[in-house]
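In: sequence? don't have it. structure:
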């Protein structure tokens, strides 16, 4: 992240609270502060009442950004890369030296030679390599890998009558499947889960864990250059787009982090919803309610990535009543947008059959691995319900707790018992 676009301009440092038609004045909210992460949905609601659909906030290191809260405003940003670029070399704070290489924001916002960090033709070239390589792996059968690792995970606690389905199932299962798809040793799974979690959490360890992920994937890239296999890494290496080693490694990183983080989080939420209501469990077991319908509801009400980083204004513009300057950073409030009262005045309204949620992003950078994530979750739930008769939640649903960061809200525990 050291070059800047040829058409980039350098203006004054971004000051989100300057010139904003706000209802109540005050310092921008620190999204990373403890009092904010305790109740992120309450924070989104408060910010919407105070500022409208776009609010000034501060990220770690008191880095200024705009949090997009409105559904329509999120769509406008996501669907218009010419106006809101994903290329962080346009980020004015970075251009002018206010973001250190050691900032915990770099793993999430820093520029890399991957399709997520670029727009236009470079983006299309790299995204095609990712989607076609992913499709090849998927066609070889993901479900059998899910079944193998699901049984393996369940075997470890099946005789005990009790388990924590977050710590002993949802947290690791998607990563184990990904190690197989990537051509990685299964033994790398646990360490990669820890590093992904710490990187998403932020803080002083984020850079170290990001570097660890990079080292593992650099070694994999080198190994697959020498010894190709029927895996995603080899697919990227051999794709006609001719990716170099940096591009291969960074796309492995992108898919690994995105796929594991979202799928493990969503799997935990789906299990929480099924087990927190006896009628839901009975309907799933009897076939009256499908897991895909539950996934869809979770995508609306509790998307696995609550806030998506980031976009950068390519020119001075207006968004949601706020005046943005060229180079300003925007972060996308996917959870807030899905609950926008302008499109969902009653949050209890059914969303079955409506896939217009923001959980997979939108526009040119929309998540290309949606089907793979859904396959993992559906197979994981199926095996669990079949293997564990009498499965029930071993806690009051209202006592279940979450841990939130700027970017996500994760379920802490899901204690269960079974026959």
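Out: Arrived safely, thanks for sending. Since this is a predicted model, take the numbers as computed values, not measurements.
In: CA atoms for contacts and neighbours, from now on please.
Out: Fine.
In: ok, and the closest non-adjacent residue to the most centrally placed residue in the chain?
Out: Central residue of the chain (CA atoms, centre = their mean): residue 305, 4.0 Å from the mean position. Of all residues not flanking residue 305 in the chain, residue 408 sits nearest, at 4.9 Å (CA to CA, 6 or more residues apart in numbering).
In: you'd agree that neighbour is up against residue 307?
Out: Yes - if you go by CA atoms under 8 Å, residue 408 and residue 307 touch, sitting 6.5 Å apart.
In: before we move on, the earlier item: how much space separates the residue nearest to the centre of the chain from residue 89?
Out: Between residue 305 and residue 89 the distance is 23 Å, computed by CA to CA, to the nearest Å.
In: residue 317 too?
Out: Applying CA to CA to residue 317 and residue 89 gives a distance of 19 Å.
In: more crowded one of these two?
Out: Taking other CA atoms under 10 Å, residue 317 and residue 89 do not tie; residue 89 has more neighbours (24 against 14).
In: what about residue 396, how many residues close to it?
Out: 9.
In: residue 71 and residue 342: what is the separation?
Out: 8 Å.
In: and if you look at residue 131?
Out: 34 Å.
In: neighbour-wise, which of those two wins?
Out: Taking neighbours as other CA under 10 Å, residue 131 and residue 342 compare with residue 131 leading, 15 against 11.
In: I'd say that one and residue 367 touch.
Out: No - with contact defined as CA under 8 Å, residue 131 does not count as touching residue 367 (9.9 Å).
In: need the contact list for the nearest residue to residue 44 once chain neighbours are set aside.
Out: Spatially, and ignoring its direct neighbours in sequence, residue 44 is nearest to residue 336 (6.1 Å; CA to CA, 6+ apart). Contact analysis of residue 336 by CA atoms under 8 Å, 6 or more residues apart in numbering lists 41, 44-45, 69-71, 306.
In: just those residues now: which is nearest residue 327?
Out: Lowest distance from residue 327 to those (CA to CA) belongs to residue 69, with 19.5 Å.
In: helices along the stretch 101-250 of the chain, start to end?
Out: Secondary structure of the stretch 101-250 of the chain, counting by DSSP state H, counting those that start in this stretch: helices at 106-109, 120-139, 143-155, 173-182, 189-201, 206-226, 232-238, 245-275.
In: may I see the buried residues of the fifth one?
Out: Translated: helix 189-201. 189, 192-193, 195-201 (16 or more other CA atoms under 10 Å).
In: closest one of those to residue 81?
Out: Proximity of these to residue 81 (CA to CA) peaks at residue 200, which lies at 24.4 Å.
In: residues in contact with the closest residue to the closest one other than its chain neighbours?
Out: Nearest residue to residue 200 in three dimensions, chain neighbours excluded: residue 407, at 7.0 Å (CA to CA, 6+ apart). When contacts are counted by CA under 8 Å, 6+ apart, residue 407 touches 200-201, 305-309.
In: got phi/psi on residue 407?
Out: With angles defined as degrees, to the nearest 10, residue 407 sits at phi -100, psi -30.
In: how far away is it from residue 32?
Out: 9 Å.
In: flag every buried residue along the lowest-mean-pLDDT helix or strand in the chain.
Out: Taking mean pLDDT, DSSP states H and E as the measure, the chain has helix 34-37 as its least confident helix or strand, at a mean of 88. Neighbour counts over helix 34-37 (16+ other CA under 10 Å) mark 36-37 as buried.
In: in the helix or strand that that helix is followed by, what's buried?
Out: The first helix or strand that comes after helix 34-37 along the chain, using DSSP states H and E, is helix 40-51. Under the neighbour-count criterion of 16+ other CA under 10 Å, helix 40-51 has 40-41, 43-45, 47-48, 50-51 buried.
In: how distant is helix 40-51 from the center of its chain?
Out: The chain centre lies 21 Å from the centre of helix 40-51; the measure is CA atoms, centre = their mean, to the nearest Å.
In: show me what that helix is packed against.
Out: Applying 3 or more CA pairs under 8 Å, 6 or more residues apart in numbering; DSSP states H and E, we find helix 40-51 packed against strand 54-59, helix 334-338.
In: immediately after the longest one, which helix or strand?
Out: Remark: after strand 54-59, the chain's next helix or strand is strand 63-68, criterion DSSP H and E.
In: average pLDDT across stretch 99-118?
Out: Averaged across stretch 99-118, pLDDT comes to 94.
In: next, the distance between the ends of that stretch.
Out: Span of stretch 99-118 from end to end, CA to CA: 20 Å.
In: show me what it is in contact with.
Out: By CA under 8 Å, 6+ apart, stretch 99-118 touches 1, 60-61, 85-89, 93, 122-127, 199-200, 202-207, 210, 246-247, 250-251, 254, 309-310, 365.
In: and for stretch 53-64?
Out: By CA under 8 Å, 6+ apart, the list of residues contacting stretch 53-64 from outside reads 14-17, 28-32, 47-48, 65-70, 73, 103-105, 203, 319-322, 329, 406.
In: can you say which of the residues you listed are buried?
Out: Burial by neighbour count, 16+ other CA under 10 Å: within those this picks out 14-17, 28-32, 47-48, 65-70, 73, 103-105, 320, 322, 329, 406.
In: looking at these, which are in strands?
Out: Using DSSP state E, the subset of the buried ones among the contacts of stretch 53-64 located in strands is 29-30, 65-68, 322, 329.
In: from those residues, which is closest to residue 232?
Out: residue 329 (32.3 Å).
In: give me the pLDDT value at that closest one.
Out: Per the predicted model, pLDDT is 98 at residue 329.
In: and it, what does it touch?
Out: Contacts of residue 329 by CA under 8 Å, 6+ apart are 64-66, 91, 310-313.
In: now render the residues you listed as JSON lines, adding distance to residue 276.
Out: Shown next, in JSON lines, are the contacts of residue 329 (distance: CA to CA, whole Å):
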{"residue": "64", "distance to residue 276": "39"}
{"residue": "65", "distance to residue 276": "37"}
{"residue": "66", "distance to residue 276": "35"}
{"residue": "91", "distance to residue 276": "43"}
{"residue": "310", "distance to residue 276": "34"}
{"residue": "311", "distance to residue 276": "37"}
{"residue": "312", "distance to residue 276": "40"}
{"residue": "313", "distance to residue 276": "42"}
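In: now those: which count as buried?
Out: By 16+ other CA under 10 Å, the contacts of residue 329 give 64-66, 91, 310-313 as buried.
In: pick the one among these closest to residue 378.
Out: Nearest member of the buried ones among the contacts of residue 329 to residue 378, counting by CA to CA, is residue 310, at 29.8 Å.
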